[in-house]
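S.K.: Sequence plus predicted model, see below.
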Amino acid sequence: MLGLAASTLRSGMHHLETAWLFTRSDFKTIILPVMIFANIVSPRHDPLALSCSLCWLWLHLFQGNVSNQSYSAPEDLLNKPWRPVPSGRISIKDSRALRWGLMVFCLGFSSLFSLNVVMTSAIFTVLVIVHDDFGLSGHPIGKNVLNVGAYVSFELGSTLVLSGEPSLNRTSLTALICSAVIILTTIHVQDFQDVNGDRMLGRRTLPIVAPEGSRIYILCVLPSISFVLASFWSLGPLCSAIFVSMGFGVGLRCFLVRDEIGDQLNYWLYNIWLMAAHLLPANARFHVLAW
């Protein structure tokens, strides 16, 4: 009996670790920025609602990553061999079956909240299908548009669950639109570090299509959008200077540092800037960045 319990425990821990590995690399890129956004714009912050919001976000991230990684095993073998599929923890066939099971589970979990949360979950699932099963992940513009849709779905669903409201108020909606613009205009920073794997799979990301132009673009757009956001959210002079300097620093580094290790650090720094950008709507509610 003890042997059976120990075996069951080991099996359960193995599956939990596999789930963790599917989402490990996205805690800094998805979980932290999205939860910052949801907490900033939501009027409710009780621990139970926060836990539900985090669970909703992680489950949908898990669903999207299982689907995506079931198609990107050759690339992951080169760039991220520790992921469950290339490391042999789960087969491509089983990961695709898991993906459909997670789709049903996520829709069921969303039904515990509101119709808009269910609709957000359904839209996210459609975006994942178009991205992975219809191959738009290899199109430089289509990939960015779908990434925006998925990111906004994460933010919308998490905020609705946390707030307990059926829809967003005006400030929250404005913040969501700003977030969509930020992701649409800057998210391909993540593609610099994955050029070798994307090229191997035949993808046409912006850094592959325009190696020099994409870096000049980021050098220009990060300081520009930082200035626009600082003005839009009425930051004070010191906060504006700090935030715009962050955008300029990340943009300049993306232009100057072009090796794989450097691009990985560039992406880390970009995510710090992105988290800071998600803090800006706090000034509309609390006026904490007016200095």
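M.R.: On my side now, so go ahead. Numbers count the residues shown, from 1 in each chain.
S.K.: in the stretch 1-150 of the chain, which spans are helices?
M.R.: Under the criterion DSSP state H, counting those that start in this stretch, the stretch 1-150 of the chain contains helices at 2-23, 32-41, 47-71, 73-79, 92-110, 115-132, 140-163.
S.K.: could those go into TSV alongside distance to Glu260 and mean neighbour count?
M.R.: Every residue, glycine included, has its C-beta placed from N, CA and C. TSV is the format used below for these (distance: least, Cβ to Cβ, whole Å; neighbours: other Cβ atoms under 10 Å):
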stretch	distance to Glu260	mean neighbour count
helix 2-23	21	12
helix 32-41	24	23
helix 47-71	20	20
helix 73-79	9	17
helix 92-110	26	17
helix 115-132	24	19
helix 140-163	20	22
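S.K.: Asn283 is nearest to which of these?
M.R.: With Cβ to Cβ as the criterion, Asn283 lies closest to helix 32-41 of these, at 9.6 Å.
S.K.: so what pLDDT did Ile208 get?
M.R.: At Ile208, the pLDDT value in this model is 85.
S.K.: May I see the helices of the stretch 1-150 of the chain arranged in CSV, with mean pLDDT and distance to Arg204 as well?
M.R.: Output for these, formatted as CSV (pLDDT from 0 to 100; distance: least, Cβ to Cβ, whole Å):
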stretch, mean pLDDT, distance to Arg204
helix 2-23, 82, 26
helix 32-41, 92, 26
helix 47-71, 95, 16
helix 73-79, 79, 14
helix 92-110, 95, 23
helix 115-132, 95, 14
helix 140-163, 90, 5
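S.K.: Leu269: which of the ones you listed is closest?
M.R.: With respect to Leu269, and counting by Cβ to Cβ, the nearest of the helices of the stretch 1-150 of the chain is helix 32-41 at 13.6 Å.
S.K.: hang on, the earlier thing: looking at the helices of the stretch 1-150 of the chain, spot the one closest to Asn196.
M.R.: Using Cβ to Cβ, those put helix 73-79 closest to Asn196, at 6.4 Å.
S.K.: Which strands and helices lie in contact with the closest one?
M.R.: Where contact means 3 or more Cβ pairs under 8 Å, 6 or more residues apart in numbering; DSSP states H and E, helix 73-79 is packed against helix 195-200.
S.K.: mind exporting the helix it packs on as CSV, just the C-alpha atoms?
M.R.: Output of helix 195-200 as CSV, limited to C-alpha atoms (Å, rounded to 0.1, in the frame of the first residue of the first chain):
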residue,chain,number,x,y,z
VAL,A,195,16.4,33.6,-35.3
ASN,A,196,18.3,30.3,-35.8
GLY,A,197,15.4,28.1,-34.7
ASP,A,198,12.8,30.1,-36.7
ARG,A,199,15.0,30.0,-39.8
MET,A,200,15.4,26.2,-39.4
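S.K.: what comes up buried for it?
M.R.: Judged by neighbour count using 16 or more other Cβ atoms under 10 Å, the buried positions of helix 195-200 are 195, 197-198.
S.K.: just to revisit the earlier point, how about CSV for the helices of the stretch 1-150 of the chain, with distance to Ala180 added?
M.R.: Converted to CSV, these look like this (distance: least, Cβ to Cβ, whole Å):
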stretch, distance to Ala180
helix 2-23, 22
helix 32-41, 11
helix 47-71, 17
helix 73-79, 27
helix 92-110, 21
helix 115-132, 13
helix 140-163, 5
